[in-house]
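Novice: here's my sequence, what's the structure:
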Amino acid sequence: MKLNTTFDNLVLANPVMPASGPLVGDTEKLQFMQTAGCGAVVTKTISTKMPEIPKPCIYGDKSTFVMNSELWSEYPLSDWTEDFLPAYLKTKDRPLIVSVGYTKEDMEVLIPALDRFADAFEVSTHYVGTDLSVIADTVKTIRRHTRKPIYMKISPHIPDPAGFARVIKQHGANGIVAINSLGPTMKIDISRRAILYGNEQGFVWTSGPVIKHLAQATVYQIRQAEPDLTIIGVGGIQSADDVIEFLLAGANAVQMLSAALLKGKQLYAKIIADLPKALAKHGFDSVEEIINTPLYNTVRYEASVPELIEEKCIKCNICVDVCPYFAIEMKDMITFDAKKCFECGLCVVKCPTGAIVMPGANL
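Specialist: Numbering: from 1, shown residues only. Predicted coordinates:
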């Protein structure tokens, strides 16, 4: 099974890499990602100023989201250029993407200082607003200082992902990392009448599986608008199947971080080990085949009234409880009122035993 992927002269043994954040914040952490088998390694976002980080700063629920007010690297640029990156380069054997932020003035300092270490740059736009002319100036500034690939990281608050993609391409970027964390968001403790894990304004940023479908939609929008841009998909990945979904949506590779905070750092190696089995399960021979497979839109405007497979029904009444059109009743068996049924399909996907089907529908 061929897991390799190549873009912008970067050769990755597999499409999985860490996302910028707390798990890639120094030499030890970068080496961990290499040992875990990631196809490329990404640094924590380096900037010119030291951040003021609230403590505690990371909250994770059981399985769906992380809230984070951690900001960028807690180490100065000099630690990266004199210690972390020189030490990492002694054992480096795969592409290194150096994450930097945030303004064009920062780029005037950061890119010359870091260019000798980077195979490519990822540029966070999280704190520079939504003005695409500002983004354009940032890209132009970076391009003046490097010939390395540039990947601009888009945040969910950017209102026009296609326009963002068009502007960065016009001014010299090679691609996009989509998406950054979602926010601002809040974590409230009722018993203490308090905001937890927030910055001075009470806000945090949310990431993890909860944002996966937003991230995939953004990747898809960008791929439709700019077919030639490199796209690195990030946001909510926690399994090999998630990797495949992002590649089908239009990504060339993926990044993951929050799920490892929720489930443990061993998740990187597990997903990479699971990829060959996942590809085989879904009928693919290679990662490149997934990337080159068109994603079809199966939208329909007519469906059918659901039908019951009686021998599968366990009479749990979930379908009755969730039906938003009051069209399902439990009599001697589950029955559907054709006059009330809106053919929405919710009962089909909520049935725990697959006892409800909609003939002719794409479910």
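Novice: only C-alpha atoms from now on, for both contacts and neighbour counts.
Specialist: OK.
Novice: and the strands in the stretch 151-300 of the chain?
Specialist: Using DSSP state E, counting those that start in this stretch, the strands found in the stretch 151-300 of the chain span residues 175-178, 182-185, 188-189, 194-195, 204-207, 230-234, 253-256.
Novice: could you dump those to a markdown table with distance to E108 and mean pLDDT?
Specialist: Listed next are these as a markdown table, based on distance: least, CA to CA, whole Å; pLDDT from 0 to 100:
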| stretch | distance to E108 | mean pLDDT |
| --- | --- | --- |
| strand 175-178 | 20 | 98 |
| strand 182-185 | 28 | 94 |
| strand 188-189 | 40 | 94 |
| strand 194-195 | 37 | 93 |
| strand 204-207 | 27 | 96 |
| strand 230-234 | 24 | 98 |
| strand 253-256 | 27 | 98 |
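Novice: okay if I get those as TSV plus mean neighbour count and distance to K148?
Specialist: TSV is the format used below for those (neighbours: other CA atoms under 10 Å; distance: least, CA to CA, whole Å):
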stretch	mean neighbour count	distance to K148
strand 175-178	26	12
strand 182-185	16	28
strand 188-189	11	43
strand 194-195	13	42
strand 204-207	24	28
strand 230-234	29	14
strand 253-256	26	18
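Novice: and P56, what does it touch?
Specialist: Y197 (CA atoms under 8 Å, 6 or more residues apart in numbering).
Novice: for it, give its distance to F336.
Specialist: Applying CA to CA, to the nearest Å, the value for P56 to F336 is 51 Å.
Novice: L71 is nearest to which of the strands of the stretch 151-300 of the chain?
Specialist: Between L71 and these, the shortest separation by CA to CA is 9.5 Å, and it involves strand 204-207.
Novice: just how off-centre is the closest one within its chain?
Specialist: How far strand 204-207 lies from its chain's middle: 13 Å, per CA atoms, centre = their mean, to the nearest Å.
Novice: so which elements touch that strand?
Specialist: Contacts defined by 3 or more CA pairs under 8 Å, 6 or more residues apart in numbering; DSSP states H and E place strand 204-207 against strand 66-68, strand 182-185.
Novice: parallel or antiparallel, list what pairs with it.
Specialist: strand 66-68 (antiparallel), strand 182-185 (antiparallel) (DSSP bridges).
Novice: would you turn those strands into TSV with distance to K265?
Specialist: Formatted as TSV, the strands paired with strand 204-207 follow (distance: least, CA to CA, whole Å):
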stretch	distance to K265
strand 66-68	15
strand 182-185	22
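Novice: burial measure for L346, as a count.
Specialist: Neighbour count for L346, taken as other CA atoms under 10 Å: 12.
Novice: so I195 sits against T185, correct?
Specialist: No - between I195 and T185 there is no contact under CA atoms under 8 Å: 10.8 Å.
Novice: touching stretch 181-195 from outside, list them.
Specialist: 67, 155-157, 196-198, 202-207, 211, 235.
Novice: off-centre distance for that stretch?
Specialist: 23 Å.
Novice: stretch 243-250 too?
Specialist: With CA atoms, centre = their mean, you get 11 Å for stretch 243-250.
Novice: do the same with stretch 195-203
Specialist: Distance, centroid of stretch 195-203 to centroid of chain: 24 Å (CA atoms, centre = their mean).
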